[in-house]
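Asker: here's a sequence, model it:
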Amino acid sequence: MISKNDILYLTAEAGEVLVFTMHRIYRSRESLNSWSKKPFSRQGRENEFDEYDLNKGIQNSLLIARNDIKYHAEVSLDLGKIPVIHAMSSKVDQVLLNIILNASCAIRDKKTGEPGLIRIKTDIEGSFVRCRIEDNGTGIDKKYIGKVFDPFFTRLCLYWHIR
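Answerer: I've put the predicted structure just below:
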């Protein structure tokens, strides 16, 4: 006989598996898209710097995270007029998606019944392009602050390490 606790546990695990699967599908799709758009000589260079449109990366990450966000948070976008930057696009995309999914999880963990808010803003400060992402979720416990960039560290919804 399955208990209520078993059902709650399985439901939570299923959600995590679904988000992980969606992320992997996105990464696979991006790999296939980049393969078809780049000349053969560029293959295997995903760890190299290239021109990157940060605003487009944010919009793509929000599209991937949409199903996770839509039930418990609203997104406020203030994407400024910024130049393309020189970055490792696949790494930046992964970081953006992880931050957005974690913001969504932090809002869901708050359990207020009211929709939360994720604010994303890009702008230029001096000679730097800046991206700020904030949410009104539970926040990160102070004991974990120093660990958030450690490989394989997990806190609630941190599913993938930054490679």
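Asker: what residue lies at the spatial centre of the protein?
Answerer: Residue closest to the mean C-alpha point of the chain, counted by CA atoms, centre = their mean, is L97 at 1.6 Å.
Asker: now name the helix or strand holding C131.
Answerer: According to DSSP states H and E, C131 maps onto strand 128-135.
Asker: tell me the strands beside that strand, with direction?
Answerer: Strand pairing for strand 128-135, using DSSP bridges, gives strand 116-125 (antiparallel).
Asker: pull the CA atoms of the strand it pairs with into PDB?
Answerer: The C-alpha trace of strand 116-125 is given here as PDB (Å, rounded to 0.1, in the frame of the first residue of the first chain):
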ATOM      1  CA  GLY A 116       6.100  35.500  -6.800                       C
ATOM      2  CA  LEU A 117       8.300  37.700  -9.000                       C
ATOM      3  CA  ILE A 118      11.500  37.200 -10.900                       C
ATOM      4  CA  ARG A 119      13.100  40.400 -12.100                       C
ATOM      5  CA  ILE A 120      15.600  40.400 -14.900                       C
ATOM      6  CA  LYS A 121      17.400  43.500 -16.000                       C
ATOM      7  CA  THR A 122      20.300  44.100 -18.400                       C
ATOM      8  CA  ASP A 123      22.100  47.300 -18.900                       C
ATOM      9  CA  ILE A 124      25.500  48.900 -19.400                       C
ATOM     10  CA  GLU A 125      27.600  50.200 -16.500                       C
END
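Asker: show me the contact partners of it.
Answerer: By CB atoms under 8 Å, 6 or more residues apart in numbering, the residues outside strand 116-125 that reach it are 54-55, 58, 62, 69, 72-80, 82-83, 100, 103-104, 107-108, 110, 129-137. Just so you know, the C-beta spots here come from the backbone N, C-alpha and C atoms, and that holds for glycine as well.
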